[in-house]
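In: Here is a sequence together with a model predicted from it:
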Amino acid sequence: MDLQYFLCWRVAPLFLLMPCGLLCMSVHIINEQPVHVIPGSSLVLKARIELGPLEEISMVTWEREPETGIDSVRVTLATCPGRSLKCAGTRPNVRMNMEQQETTLQINGYSRADAGVYAVTVTDHTGAETTAHCIVREYEAVHHVSVSINVSHSVLVCGEAWGTDPSFSWLHERNTITQTVGRVSTDGTTLFVTMTPICGHFTCMVSNKLGYSSATYTAAPCETDGRGTTAVVVCLVLLLLLCGGVLAFLLWRRQRHSNRGERLHEHLDDGI
């Protein structure tokens, strides 16, 4: 009896010191957060469940509640009893399944009303619960692109209102930015102009999966070789026209004197 008592006191602390991973159930959502979904497409959330060797799953539940607001009402989306394949969604467009220690929630035809904080709750055979959360938002198109300039530092900054995953790029006179024009920052929002003086049109293009928008900063016109060539051509044409006009005038004047001499000669012949 004393030996049994001694063993109980020796073994009990070992259970208290065992890692929680062996005795405690955990769940985490695999998706990178926050999750942005394009309206009309499908929302797919996956969660990984970790169990101890003595634990069993009794119930898995997916729920949703508003991300903001005072009255937060949690809505049950789907449930699955234990490791059963008979998972059920509360709406026709909601599906749930269990595969080994992974659960998946799929909502087809995502709409703005489906945004919010999603929770997956796992209940073990003793009634203990563990929950993981994930924020889901609507994928927004880019809006209100603007370009501002810091003249003293020759810097152009591109801004965008609230689009999801915006991608920035720059153009100068509809051409890609070169080293002679400037340098673009790593995130694409800033253009450090190296050309002097700053001239021409600088356009910032912002795009994502739903389209693009742009804004342009217009500086003084650039003097290019093409314009110089055009000016030379115009001057040559004017010079040719002027020379042609002078030549025509001289020919007309010569012809006039010739006609006058002929009339004078005829008049003298008639007098004789």
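Out: Nice, I can see it.
In: Show the backbone phi and psi for V37.
Out: Main-chain dihedrals, V37, degrees, to the nearest 10: phi -120, psi 130.
In: Helices of the stretch 1-150 of the chain, start to end?
Out: Under the criterion DSSP state H, counting those that start in this stretch, helices of the stretch 1-150 of the chain are mapped to 2-17, 20-23.
In: Least reliable of those helices by average pLDDT, please.
Out: The minimum mean pLDDT among these belongs to helix 2-17 (a mean of 44).
In: Please list all residues in contact with A47.
Out: Applying CB atoms under 8 Å, 6 or more residues apart in numbering to A47 gives the contacts 27-30, 102-104, 120, 132. In short, each C-beta sits where N, CA and C put it, glycine included.
In: From R112, how far off is it?
Out: Look at A47 and R112: by CB to CB, to the nearest Å, they are 24 Å apart.
In: How about E102?
Out: Relative to R112, E102 is positioned 28 Å away (CB to CB).
In: So the two - more neighbours on which side?
Out: Neighbours around E102 and R112, counted as other CB atoms under 10 Å, are more numerous at E102. The numbers are 12 against 9.
In: beta partners of that one?
Out: R48, E99 (DSSP bridges).
In: Flag the shaky bits of this structure, pLDDT-wise.
Out: 1-23, 71, 83-85, 224-233, 252, 256-272 (pLDDT under 70).
In: Can you pull up the most central residue in it?
Out: Nearest residue to the geometric centre of the chain (CA atoms, centre = their mean): P166, 2.1 Å.
In: For that residue, give its distance to H144.
Out: Going from P166 to H144 by CB to CB gives 11 Å.
In: any common contacting residues for these two?
Out: The contact sets of P166 and H144 overlap at E160 (CB under 8 Å, 6+ apart).
In: of the contacts of A47, buried ones?
Out: The neighbour-count criterion (16 or more other CB atoms under 10 Å) marks 27, 29, 103-104, 120, 132 among the contacts of A47 as buried.
In: Many thanks, we can stop here.
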